[in-house]
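> 3D model of this:
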Amino acid sequence: MTRSRISDATWTAFTESIRFVVVPILLVNLVMTNYPSLTTAFMPNLATYVLIIGGFIVGASTLECANRPGTYKRLLFGLSAVAFVCFWTFVLFGGGVAEFSYTPYYVRFDMSKILYIVLIGIALKALLVVQTFTSNKHLVVEEHVRRRAEKAVLSAPRPRPASRAVSRAPRFASLSKAAFRVTGDDEVGYEPPPPPHPKAAIQDYKECPVCGVKASLRETTCKHCGAWFSGPFK
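Presented below is the predicted three-dimensional model:
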């Protein structure tokens, strides 16, 4: 779209230069050369005025085409171009009054009313410029809103990835060392440790293996039958 506006602006600058600068200056020089007795209010410097005002018209028209329809810049340059064209026309025709003297004749042309009607018709182009602005303004506003939304999305901070949940599974070191078993009703549990064995009663006497008589632990022989005891001895 930017390339299209540049090409349109270039073509407008070329055509407006031909219409408002080159051709009018050639015609003014031709008339002044062939009819030196024809005079208007701006005739002495008419070519200079046409060149200057025509340059303003070319510049305003070029900048108008360079801007997008619906923008305030295009509206401003469009209205400026219309105003310059009206002023250029008024100067070119000398305010609508021209005098021609040829001895012994003297002729005065007063076309001011016709010129004013022409200027009003040219000024009506300003309505077209305003209508173009109002018809395309909403498109410019929508594009501006869209660009702001895109910038807001690009400038917004990106959400950080959610941290992974730390696994809290029990470690092997924290498990009980008791034997694992499955009960008959399918309930999982731990088998309780076996109860401690009762301590054997300590005997404080000896019994003779021959006659069965009890004797002290310190005795080495039975006093009844004389049999020898096996150790230990205290």
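
> switch to C-alpha atoms for all contacts and neighbour counts from now on
OK.

> Please identify the buried residues of the longest helix belonging to the chain?
As assigned by DSSP state H, the longest helix anywhere in the chain is helix 125-155. For helix 125-155, burial by neighbour count (16 or more other Cα atoms under 10 Å) applies to 125, 126, 129, 130, 132, 133, 137.

> and residue 33, how many neighbours does it have?
10 (other Cα atoms under 10 Å).

> how near is it to residue 27?
From residue 33 across to residue 27, the span is 10 Å (Cα to Cα, to the nearest Å).

> swap in residue 83?
Relative to residue 27, and taking Cα to Cα, residue 83 is found at 22 Å.

> between the two, who's got more neighbours?
More crowded of residue 83 and residue 27, by other Cα under 10 Å: residue 83, with 17 against 12.

> Who are the contact partners of the closest residue to the more buried one other than its chain neighbours?
Using Cα to Cα, 6 or more residues apart in numbering and skipping the chain neighbours, the partner closest in space to residue 83 is residue 123 (7.4 Å). Contacts for residue 123 (Cα atoms under 8 Å, 6 or more residues apart in numbering) come out as 82, 83, 86.

> burial of the last one, as a residue count?
Neighbourhood size, residue 86 [other Cα under 10 Å]: 18.

> does it sit in a helix or strand, and which one?
Per DSSP states H and E, residue 86 falls inside helix 72-92.

> could I get the buried residues of helix 125-155 as TSV with distance to residue 218 and pLDDT?
Output for those, formatted as TSV (distance: Cα to Cα, whole Å; pLDDT from 0 to 100):
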residue	distance to residue 218	pLDDT
125	145	93
126	143	94
129	139	94
130	138	94
132	135	92
133	133	93
137	127	90
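
> from those, which is closest to residue 43?
residue 125 (27.7 Å; Cα to Cα).

> tell me the domain ranges of this structure?
2-142, 204-234 (automatic domain parsing).

> and those as TSV, adding distance to residue 154?
Below are the domains of the chain laid out as TSV (distance: least, Cα to Cα, whole Å):
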stretch	distance to residue 154
domain 2-142	18
domain 204-234	97
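
> Just name the most buried of those domains.
domain 2-142 (a mean of 16; mean count of other Cα atoms under 10 Å).

> now that one: how far from the chain's centre is it?
Here domain 2-142 is found 43 Å from its chain centre; the criterion is Cα atoms, centre = their mean, to the nearest Å.

> is residue 99 in a bridge, and if so with what?
Residue 99 has these beta-bridge partners by DSSP bridges: residue 39, residue 108.

> That one against residue 42, yeah?
No - applying Cα atoms under 8 Å, one finds residue 99 not in contact with residue 42, separated by 11.9 Å.

> Strands of the chain, start to end?
38-40, 97-102, 105-110, 180-182, 188-190, 206-207, 214-215 (DSSP state E).

> so can I have JSON lines of those showing mean pLDDT?
Output for these, formatted as JSON lines (pLDDT from 0 to 100):
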{"stretch": "strand 38-40", "mean pLDDT": "84"}
{"stretch": "strand 97-102", "mean pLDDT": "80"}
{"stretch": "strand 105-110", "mean pLDDT": "81"}
{"stretch": "strand 180-182", "mean pLDDT": "55"}
{"stretch": "strand 188-190", "mean pLDDT": "54"}
{"stretch": "strand 206-207", "mean pLDDT": "76"}
{"stretch": "strand 214-215", "mean pLDDT": "74"}
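
> Mind putting these into a markdown table with distance to residue 148?
Converted to a markdown table, those look like this (distance: least, Cα to Cα, whole Å):
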| stretch | distance to residue 148 |
| --- | --- |
| strand 38-40 | 57 |
| strand 97-102 | 56 |
| strand 105-110 | 58 |
| strand 180-182 | 67 |
| strand 188-190 | 64 |
| strand 206-207 | 110 |
| strand 214-215 | 114 |
